[in-house]
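Colleague: Sequence first, predicted model second:
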Amino acid sequence: MGSIIINLGDVFLIDTPPKDKHFYVVIAKTSGDKYLFVNLTDKKNITDHSCVLVPNPSLPNFIVKESVIAYNFAREWNATELSQWITSGSPIPKSSFSPDVLLQIQQGGLISRRLAKKYKTILQKLLGIL
């Protein structure tokens with residue numbers, strides 16, 4: 001796989017256990033060449049509703065039902081690490097969120113009880129809150 005470019009708001013289809021394919025959204029640069037990714041999943045599977053995305057024309061067309069960001073599954077990857085997890089045959093990136101939706105996801109991370117404190121601090125700095 002060639003070099004992957006990572007941009008904030010990009011969505012990647014990742015092969016992760018237990019059910020293989022999951023969407024992960026890039027929401028912050030953490031350090032050096034690493035980025036913070038959060039999981040996008042079906043609303044019925046998660047109790048943390050800090051960020052709910054309702055299908056509408058401004059969202060990628062693969063969001064067909066209410067979805068949430070599962071902040072407890074946050075991961076840090078660089079491009080090399082990411083390339084090992086991308087689902088074979090998936091476009092890279094799968095899609096991208098608009099700056100407004102990205103901000104909604106970042107702000108959801110600040111209020112979520114499931115996102116690690118170190119990631120909240122990164123988001124606070126990114127959003128100019130610290």
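Modeller: Thanks, I have the structure now.
Colleague: which SSE is Gln106 in?
Modeller: Element membership for Gln106, per DSSP states H and E: helix 99-111.
Colleague: For this protein, which segments count as strands?
Modeller: 10-16, 20-31, 34-42, 52-53, 67-77, 95-96 (DSSP state E).
Colleague: contacting residues for the residue nearest to the spatial centre of the chain?
Modeller: For the chain, Val25 is the residue whose C-alpha lies nearest the centre (C-alpha atoms, centre = their mean; 2.1 Å). The contact partners of Val25, taken as C-beta atoms under 8 Å, 6 or more residues apart in numbering, are Gly9, Asp10, Val11, Phe37, Val38, Asn39, Leu40, Ile69, Phe97, Leu102, Ile105. C-beta coordinates here come from the backbone N, C-alpha and C atoms, glycine included.
Colleague: which residues does Asp100 contact?
Modeller: Ser58.
Colleague: cool, and Gln107?
Modeller: Going by C-beta under 8 Å, 6+ apart, the list of residues near Gln107 reads Cys51, Leu127.
Colleague: again with Lys120
Modeller: Here Lys120 is in contact with Gly109, Leu110 (C-beta under 8 Å, 6+ apart).
Colleague: now the residue lying closest to Ser95 once chain neighbours are set aside: how far from Thr80?
Modeller: With sequence-adjacent residues excluded and distances taken as C-beta to C-beta, 6 or more residues apart in numbering, Ser95 is closest to Pro60, at 3.8 Å. Computed as C-beta to C-beta, to the nearest Å, the Pro60 to Thr80 distance reads 25 Å.
Colleague: These two: which has the busier surroundings?
Modeller: Neighbour tally, Pro60 and Thr80, criterion other C-beta atoms under 10 Å: the higher count belongs to Pro60, 17 against 11.
Colleague: What are the phi and psi values at that one?
Modeller: Per-residue torsions, Pro60: phi -60, psi 150 (degrees, to the nearest 10).
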